[in-house]
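Peer 1: Predicted model and sequence follow; I will ask about them next.
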Amino acid sequence: MTQHTPHAVEPKLHWEDFREGEVREFGAVTVKREDIVRFASEFDPQPFHVDEEAASQTMFGGLIASGWHTASMAMRMMCDGYLLHSSSLGSPGVEHLKWLQPVRPGDTLHMRLTVLESRPLKSRAGVGLVKIRHEVVNQHGQAVMEMEGYGMFGRRSA
């Protein structure tokens, strides 16, 4: 993946820029066999992630990326797609994470963001809370992962 520099001094996106119902698409990463094996060797060394012969004997029928690898690639696409260019203040957590389809070598993934709700944070005047569904979609248009959670963003005006 291409490395990008952090956001400029003045972020382009603030809480006010995330409107309920809005859908954005961004990112593109082609999954490489070597990256699947490298990630899994360190963090999730199950046979279907690190050994092509063993993986061919599983219900997956071949090597697949760890779900955690998919989540990591999604995080990178989110950073490049909007977080590094926003007033992001982090997240209180993910409420829902589901792996829907195996991710295989050669797949090209992109992201679809849907704003589910947006409201000012009562306890902090300069912060807004945004509930977002992120879907990771492959080159066939199939969702391979989905997650929902909240992001905190600085507001242009309190």
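Peer 2: That came in fine, so what should we check first? Remember, predicted model here, so these are calculated numbers, not experimental data.

Peer 1: only C-alpha atoms for contact and neighbour calcs from this point on.
Peer 2: Will do.

Peer 1: now the strands: where do they sit in the protein?
Peer 2: Counting by DSSP state E, the chain has strands at residues 23-30, 93-99, 108-120, 127-137, 143-154.

Peer 1: now the angle from the longest helix belonging to the chain to strand 23-30?
Peer 2: Secondary structure assigned by DSSP state H gives helix 67-81 as the longest helix of the chain. Put simply, helix 67-81 runs at 120 degrees to strand 23-30, going by axes from the mean of the first three to the mean of the last three Cα atoms, to 10 degrees.

Peer 1: Please identify the deepest-packed of the strands of the chain.
Peer 2: strand 127-137 (a mean of 23; mean count of other Cα atoms under 10 Å).

Peer 1: do you know how far the most centrally placed residue in the chain is from W15?
Peer 2: Against the mean C-alpha coordinate of the chain, by Cα atoms, centre = their mean, the closest residue is A74 at 2.6 Å. As judged by Cα to Cα, to the nearest Å, A74 and W15 stand 21 Å apart.

Peer 1: ok, and the closest non-adjacent residue to P11?
Peer 2: With sequence-adjacent residues excluded and distances taken as Cα to Cα, 6 or more residues apart in numbering, P11 is closest to S86, at 4.7 Å.

Peer 1: Show me what the one you found is bridged to.
Peer 2: Note on S86: beta-bridge partners by DSSP bridges are L13.

Peer 1: What is the neighbour count of it?
Peer 2: 20 (other Cα atoms under 10 Å).

Peer 1: Return the residues in contact with it.
Peer 2: H7, P11, K12, L13, H14, F153 (Cα atoms under 8 Å, 6 or more residues apart in numbering).
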